[in-house]
Every structure is written in C-alpha cells, then in structure tokens.
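# show me the folded form of this:
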Amino acid sequence: MTSEPLSLKEIEDRLAELPGWALDDDRITRSYRLASHFAAAALVVHIARTQDELDHHAETTLGYDIVGLSVHTHGAGGAVTERDFELARRVEELAPLHGAE
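Reported below is the predicted structural model:
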C-alpha cells in the first residue's frame, strides 16, 4: 500500500465512500457514539489491534461514550494517504460490531 500523499480530489472521492469521515486540516477524522463507556473502551481495544495489524496508528480519544479518530501518515510528511483510508475502512467494519453510531 502506498504512502504517497493523495490529492484533495482523491481524498474527497474516498471520503464519499466513508460516511461520517471528514477532512480536518491535514487529517481524516471520525467520531463514534456508543451505548456505554465499556462499549467505547472495547471499540478502542479492537481498533488498537487493527492498527497494530496494519502498522498504522491514528490518534484515538476515548470519552465516556465517544471514540474519536484522527489519522494522517507521518511517513508522508503528515499528508493523507491510502494507508489512512485503509485504516478508516477497517474501523468502519469494526464499529457496528460494538454498536457504534
């Protein structure tokens, strides 16, 4: 998977396929609301495992019932790359398993 920076058009096209994700400065971001703090913490653990599998890590925040992600590729000078979208797609697959909205 490439770590080349994506153009704004490429980012917008990929975001169109990931409802809830947005471009915020130089990162793609998303927040999920869950039923409880325990559910949110479980989602964070599942995301952490996925990040380790991909060897690509987002800034992840855990609130009471909210999980937030913010991701870009450090190795590409902090730009958004296909690696970021692969992580986002994987998280989108996991989130419903934890009841995330």
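# isn't Ala76 up against Arg27?
No. Using C-beta atoms under 8 Å, Ala76 is not in contact with Arg27, being 12.0 Å away. Every C-beta, even on glycine, is put in place using the N, C-alpha and C of the backbone.
# in the helix ranked longest in the chain, what's buried?
The single longest helix within the chain, with elements called by DSSP state H, is helix 37-54. For helix 37-54, the neighbour count (16 or more other C-beta atoms under 10 Å) marks Ala39, Ala40, Ala42, Leu43, Val44, His46, Ile47, Thr50, Gln51 as buried.
# with stretch 55-74 instead?
Buried residues in stretch 55-74, counted by 16+ other C-beta under 10 Å: His56, Ala58, Thr60, Asp65, Val67, Leu69, Ser70, Val71, His72, Thr73.
# what is the nearest of these to Glu92?
Within the buried residues of stretch 55-74, the smallest distance to Glu92 is 10.4 Å, found for Leu69 (C-beta to C-beta).
# the closest one and Arg30 touch, don't they?
Yes. Under the criterion of C-beta under 8 Å, Leu69 makes contact with Arg30 at 5.3 Å.
# what do those two both touch?
Ala88, Val91 (C-beta atoms under 8 Å, 6 or more residues apart in numbering).
# the helix or strand containing Val67 vs helix 37-54, what angle?
If you go by DSSP states H and E, Val67 is part of strand 66-71. Counting by axes from the mean of the first three to the mean of the last three C-alpha atoms, to 10 degrees, strand 66-71 lies at 20 degrees to helix 37-54.
# format the buried residues of stretch 55-74 as TSV; extra columns: distance to Leu6 and pLDDT.
Output for those, formatted as TSV (distance: C-beta to C-beta, whole Å; pLDDT from 0 to 100):
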residue	distance to Leu6	pLDDT
His56	15	97
Ala58	16	97
Thr60	22	98
Asp65	32	98
Val67	24	98
Leu69	17	98
Ser70	16	98
Val71	13	98
His72	10	97
Thr73	10	96
